[in-house]
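Novice: output the structure for:
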Amino acid sequence: MTPRYQTPEYKAWRAAIDRCTLPHHQAWENYGGRGIRVCDRWLESFEAFLADVGPRPGKDYSLDRKENDGHYEPGNVRWATLAEQNRNRRDSVKLTLDGVTMNASEWARRLGISKSALGRRIKVGWPLHRALTQGPSTASDRSASGKAWWNTNWHEKPKRERIPRDWMGGIEKRRQLRAVQGEQQ
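Specialist: Presented below is the predicted three-dimensional model:
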């Protein structure tokens, strides 16, 4: 039988406590430093944590807070896959339509389009309602002005001027410098 301290559940519990209570922890700034804490019941007992959260469903799951600004406490913690956790990040773009809030990836999946296609729709000026309700259709992916998105140069980065490099001139200058330094000695 595996010792308790070597189980993934115990390691996840311990890691949550460490990042919320140890100011020298590398993740402190994003957890304890933001005021995120572990409830007293879980601080005192791994068994209480395990009773509330349950065993990890599989090796692809790790501990996740449903509400990012919420604490590690019953009702706000779950086992989630990496994909679920990525959709639940603080920096994910949330869009709301008719009282339904989801991040851009979830809206795109629901519409059957890529996240980048949804981003293009919004960037070229589609009304949010249209961008979040119209399914896949390249012919109709046009900006509010009627211009096709592929003609808006949305993807082009400003071109930098190329600075010509005189490699041989640089080498020659070093040779001349060495020669002058050699004459001075």
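Novice: can you verify residue 79 is assigned to a helix?
Specialist: No. Residue 79: not assigned to a helix; according to DSSP: H, G, I helix; E, B strand; the rest coil it is strand.
Novice: which residues does it contact?
Specialist: 53-54, 56-57, 61-64 (CB atoms under 8 Å, 6 or more residues apart in numbering). (Glycine included, C-beta is placed from N, CA and C.)
Novice: and the nearest residue to it once chain neighbours are set aside, what pLDDT?
Specialist: Counting by CB to CB, 6 or more residues apart in numbering, residue 79 lies nearest to residue 61, which is 4.1 Å off, once chain neighbours are set aside. pLDDT, residue 61: 97.
Novice: and residue 61, how many neighbours?
Specialist: 18 (other CB atoms under 10 Å).
Novice: wait, it touches residue 85, no?
Specialist: No. Using CB atoms under 8 Å, residue 61 is not in contact with residue 85; the gap is 9.5 Å.
Novice: and the nearest residue to residue 112 once chain neighbours are set aside, which of the three is it?
Specialist: Counting by CB to CB, 6+ apart, the nearest residue to residue 112 once its immediate chain neighbours are dropped is residue 136, at 5.1 Å. Assigned with three-state DSSP, residue 136 falls in the coil class.
Novice: numbering from 27 from now on, please.
Specialist: All set: I'll call the first residue 27, so the last point we hit is now residue 162.
Novice: pLDDT score for residue 162?
Specialist: 81.
Novice: thinking it is in contact with residue 134, fair?
Specialist: No. Under the criterion of CB under 8 Å, residue 162 is not in contact with residue 134, lying 9.9 Å apart.
Novice: the more surrounded of the two?
Specialist: More neighbours surround residue 134 than the other of residue 162 and residue 134, with 21 against 12 (other CB under 10 Å).
Novice: host element of that one?
Specialist: Per DSSP states H and E, residue 134 falls inside helix 130-137.
Novice: which helices and strands does that helix pack with?
Specialist: helix 108-113, helix 141-149 (3 or more CB pairs under 8 Å, 6 or more residues apart in numbering; DSSP states H and E).
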